[in-house]
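S.K.: pasting the sequence and the predicted coordinates here, then a few questions.
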Amino acid sequence: MKRLLAPAALAAALCAPLASLLPAAALAHENTLTPRHGGVVVEVRDVEYELVAQPQRLALHLRDHGRALIAPEARARVTLLSAGKTQQVELQPSGDHLQADGAFAVGPGAKAVAVVTMPGRQPATARFVLR
């Protein structure tokens, strides 16, 4: 019986230090989704979407593993839902992000749904609740 316990005890002794590293490995991969432009950030399929919603401008910043992700052919359609009203907005590339200028109802609690299309990728849908 001691022979059966010795390998099991040895395995447990070897695995215990490795198991203590698992939370650190998970945190190293975990992204904190911190806004870099003052907006609201969500993650969809390993891409971070940050929506900066102002009354005169909507901007959508995309990041892939921390790097800005934008293609000249990228497009986004944002649907704003606020106070029972719906507004559709088309965003176009503008430097390192997508943007639209106009008049937008973007108060706290408003919701936004962005459908983003980029070449070589499936369309992605990102949902936001504005603060």
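M.R.: Structure's in. What do you need? Numbers count the residues shown, from 1 in each chain.
S.K.: next secondary structure after the helix or strand of the chain with the lowest mean pLDDT?
M.R.: Least confident helix or strand, the chain: helix 2-29 with a mean of 52, by mean pLDDT, DSSP states H and E. With elements assigned by DSSP states H and E, the helix or strand that comes after helix 2-29 is strand 40-44.
S.K.: buried set for that following strand?
M.R.: Using 16 or more other C-beta atoms under 10 Å as the test for burial, strand 40-44 gives 40, 41, 42. Glycine gets a C-beta too; all of them are placed from N, C-alpha and C.
S.K.: beta partners for the second one?
M.R.: When you say that, I think you mean residue 41. With DSSP bridges applied, residue 41 shows beta-bridge pairing to residue 50.
S.K.: ok, the nearest residue to residue 75 once chain neighbours are set aside - how many residues close by?
M.R.: Residue nearest to residue 75 in three dimensions, not counting chain neighbours: residue 117, with 5.2 Å by C-beta to C-beta, 6 or more residues apart in numbering. Using other C-beta atoms under 10 Å, residue 117 has 14 other residues around it.
S.K.: cool, and residue 116?
M.R.: As a burial measure, residue 116 scores 22 neighbours (other C-beta under 10 Å).
S.K.: parallel or antiparallel, which strands does the helix or strand in which residue 113 is found pair with?
M.R.: Using DSSP H and E, residue 113 falls within strand 111-117. Counting by DSSP bridges, the strands paired with strand 111-117 are strand 75-82 (antiparallel), strand 124-129 (antiparallel).
S.K.: tell me the helix or strand right after the longest one.
M.R.: What it means is strand 75-82. Per DSSP H and E, the first helix or strand lying C-terminal to strand 75-82 is strand 85-94.
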